[in-house]
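> dropping the sequence and predicted coords here.
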Amino acid sequence: MRIDPWSSAQYENYSRLREKFGIKEFGLNEWGNLPDVPHLFRRGIVFGHRDFNRIKRAIEKKEPWALLTGLMPSGRMHLGHKMVIDQIIYYQSIGADIFIAVADIEAYATRGYSLKEAEKMAVEEYITNYIALGLKPCRIYFQSKNPDVKDLGYILGKKTNWSEVTAIYGFNGSTNMAHVLSPLIQCGDILHVQMEKYGGARPTLVPVGVDQDPHIRFSRGIANAHRLFNVTVAKDGRIGIFVKPDEDVSRLLDIAEEVAGEFNFGIKRMDRYKAIYLDGAEEDDIDKIDIELARREQEEGAHGFVAPSSTYHRFMTGITGGKMSSSKPESAIFLTDTPEEAKKKIMSAKTGGAVSLEEQRKYGGKPDECVVYELFLYHLIKDDKELDEIYRKCKSGEQMCGMCKKRAAELMELFLKQLNEKREDAKEKLKDYLSL
Ligand code: TRP
Ligand code: SF4
């Protein structure tokens, strides 16, 4: 099983994905103590993560961290695209340093758009809607106009090779080279926020749909490959800082010793093992030591980046079943649909209702297999009690699909109308976002 980030395949066996790729479940343990947790977390829509603990720690300790995500302009923005921006707006409300990459080069390389077309779509569709949805000013940039990102991608490319990218992405002899390079540019997107000029080495969260996980694995691998130090639990249970064997070991051990000293750990230097063992350090201390070491690596002129963390959200089912996709307009509710268009789509949606009203009264419906319920769950109803009530009434057969669709259409109408008004204001504000 391989995830292809450029295909339109739907990856929806979420527990299998977690198992196969070592993605961790995103549950109470991860977000339990965060302030005002959004419904996307409470309802399991964000279902997995890698190293979210690093971000949680930074939030709790009020230490710096960054968030970066990207959008590939490819047609109109629909409800499925809204989920990532809902999360960003939440993280922004709790003080995250937000970066958004517009993947115009990727759209050019893999979707056949010109850079001009990609720019127009990104500004008029995506960014305008982001602002209308409530995004405050943050750093939004275009890949094609950011030399730091492109240079970094190129430079980091030294520690990967053709075997690795073909294994991850399935490239072959006829894949065009711009496409082949796009994962490196994405790696540049993800890691450049840790360059000194952009805030330095710090935990970075990349919230994405699970189709993007190959890029996350790739970037984490590359970040680690460029590190000079590795802080980890040694075989005997002690925490140690280990130095990459092919580097100038004694000088690096000097640096590691200095860093360990700053934290007041007992220091046992073992040149033979190319390690400094830290007495009194615990697993919880690993992150802060690692961040400090990454900063020191950068001072040494190396590429010391903390491996990025990620979260994964589910995909939305299309109105007609299958995946919600811009290329199948009847499957998607677009943020620029009129209330009438949206209503028509909702009225024709695939529900979990029984074959007849009589059967449904008797046996109930199946909210877990219902696109209308999904609209409530993901977007339209924020109050958990109200949602539970719909679920219960559906299962018990007290509620029929016709009424339910009507309610969804009403809520959608309200949402789309308000968004449309906000979009008008957003157009005026665009310059505040694109000049940063
Ligand atoms: N590849 C992403 C997509 O297809 C867009 C993207 C570009 C991105 N750079 C990124 C996503 C960095 C997350 C982080 O939608
Ligand atoms: Fe879906 Fe509502 Fe019908 Fe239940 S009653 S299957 S939630 S549309």
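Ah, there it is. Residues are numbered from 1 along each chain as shown. Ligands and ions are numbered 1, 2, ... in the order given.
> what residues does this protein have near ligand 2?
Proximity of the chain to ligand 2 (CB under 6 Å from any ligand atom) is limited to residues 351-353, 365-367, 370, 372-373, 394, 399-401, 404-405. From N, CA and C alone the C-beta is placed, and that goes for glycine too.
> count the neighbours of the closest residue to D432 other than its chain neighbours for me.
Using CB to CB, 6 or more residues apart in numbering and skipping the chain neighbours, the partner closest in space to D432 is P137 (5.2 Å). Around P137 sit 14 other residues, with neighbours defined as other CB atoms under 10 Å.
> drop anything exposed from the residues of the chain next to ligand 2.
Burial by neighbour count, judged by 16 or more other CB atoms under 10 Å, picks out 351-353, 365, 367, 370, 372-373, 394, 399-401, 404-405 from the residues of the chain next to ligand 2.
> can you tell me which residue is spatially central in the protein?
When CA atoms, centre = their mean is applied to the chain, the residue found nearest the centroid is P207 (1.5 Å).
> the buried ones among the residues of the chain next to ligand 2 in helices, which ones?
Secondary structure of those is defined by DSSP state H; positions in helices are 372-373, 394, 401, 404-405.
> out of the residues you listed, which comes closest to R314?
Of all these, the one with the least separation from R314 (CB to CB) is Y373, at 13.5 Å.
> looks like that closest one contacts Y391 (just checking).
Yes: counting by CB atoms under 8 Å, Y391 is a contact partner of Y373 at 7.2 Å.
> who touches both of those two?
Listed as contacting both Y373 and Y391 by CB atoms under 8 Å, 6 or more residues apart in numbering are P367.
> on the three-state scheme, the closest residue to ligand 1 within the chain is what?
Per CB to the nearest ligand atom, G70 is where the chain lies closest to ligand 1, at 2.4 Å. Recorded secondary structure, G70: strand (DSSP: H, G, I helix; E, B strand; the rest coil).
> residues of the stretch 151-300 of the chain that sit close to ligand 1?
For the stretch 151-300 of the chain, the contact set with ligand 1 under CB under 6 Å from any ligand atom comprises 186, 189-190, 206, 208, 212.
> excluding its backbone neighbours, what's nearest the residue in the stretch 51-200 of the chain that ligand 2 sits nearest to?
Taking CB to the nearest ligand atom as the measure, the point where the stretch 51-200 of the chain comes nearest ligand 2 is L79, at 16.5 Å. Excluding its sequence neighbours, the residue lying closest to L79 (CB to CB, 6+ apart) is I333, at 5.0 Å.
> just Y391 next, same as before
The spatial neighbour of Y391 that comes closest, neighbours along the chain excluded (CB to CB, 6+ apart), is P367 at 5.0 Å.
> show me the contacts for that neighbour.
352, 373, 390-391, 394-395.
> go on, G397?
If you count contacts by CB under 8 Å, 6+ apart, G397 has them with 360-365.
> may I have stretch 66-77 as PDB, with CA atoms only?
What follows is stretch 66-77 as a C-alpha-only set of coordinates in PDB (Å, rounded to 0.1, in the frame of the first residue of the first chain):
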ATOM      1  CA  ALA A  66       5.400  27.400  14.200                       C
ATOM      2  CA  LEU A  67       2.600  26.200  12.000                       C
ATOM      3  CA  LEU A  68       3.000  25.700   8.300                       C
ATOM      4  CA  THR A  69       0.600  24.300   5.800                       C
ATOM      5  CA  GLY A  70       0.100  24.700   2.100                       C
ATOM      6  CA  LEU A  71      -2.600  24.900  -0.500                       C
ATOM      7  CA  MET A  72      -2.400  23.700  -4.000                       C
ATOM      8  CA  PRO A  73      -4.700  25.900  -6.100                       C
ATOM      9  CA  SER A  74      -6.700  23.500  -8.300                       C
ATOM     10  CA  GLY A  75     -10.100  24.900  -9.000                       C
ATOM     11  CA  ARG A  76     -12.800  26.000  -6.600                       C
ATOM     12  CA  MET A  77     -12.600  25.700  -2.800                       C
END
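> surely K393 meets C401?
No: the pair K393 and C401 fails to qualify as a contact (CB under 8 Å) at a distance of 11.6 Å.
> what about E12, which SS state?
Secondary structure state of E12, per three-state DSSP, is coil.
> in this structure I140 contacts A103, no?
No: here I140 lies out of contact with A103, judged by CB under 8 Å, at a distance of 11.8 Å.
> got phi/psi on the residue of the chain positioned farthest from its centre?
Note on the chain: the largest C-alpha distance from the chain mean falls to E358, namely 43.7 Å (CA atoms, centre = their mean). When quoted as degrees, to the nearest 10, the phi and psi of E358 stand at phi -60, psi -50.
> who wins for neighbours among the contacts of G397?
Tallying neighbours with other CB under 10 Å puts G365 at the head of those, with 27 neighbours.
> now do the helices in the stretch 1-150 of the chain.
Listed from the start of the chain, the stretch 1-150 of the chain has helices (DSSP state H, counting those that start in this stretch) covering 14-21, 28-31, 39-42, 52-61, 79-93, 104-111, 115-121, 128-133, 147-156.
> before we move on, the earlier item: neighbour-wise, which one of the residues of the stretch 151-300 of the chain next to ligand 1 leads?
Across these, neighbour numbers were computed from other CB under 10 Å; I190 holds the maximum, 32 neighbours.
> which element is the nearest residue to it once chain neighbours are set aside on?
With CB to CB, 6+ apart as the measure, S219 is the residue that lies nearest to I190, at 4.6 Å, once sequence neighbours are left out. Taking DSSP states H and E as the criterion, the element that holds S219 is helix 213-225.
> who's in contact with that helix?
Looking at what lies outside helix 213-225 - CB under 8 Å, 6+ apart - the contacts are 2-5, 17, 21, 23, 50, 156, 159-160, 164-165, 168-169, 183, 186-187, 190-191, 206, 208, 230, 305-308, 310, 312.
> switch the cut-off to 7 Å
With contacts defined as CB atoms under 7 Å, 6 or more residues apart in numbering, helix 213-225 is touched by 3, 5, 21, 23, 50, 156, 159-160, 168-169, 183, 186-187, 190-191, 206, 305, 307-308, 310, 312.
> in this protein, which helix or strand is least confident?
Lowest by mean pLDDT, DSSP states H and E among the helices and strands of the chain is helix 14-21, with a mean of 90.
> give me the helices and strands touching that helix, please.
Other helices and strands packing on helix 14-21, by 3 or more CB pairs under 7 Å, 6 or more residues apart in numbering; DSSP states H and E, are strand 46-50.
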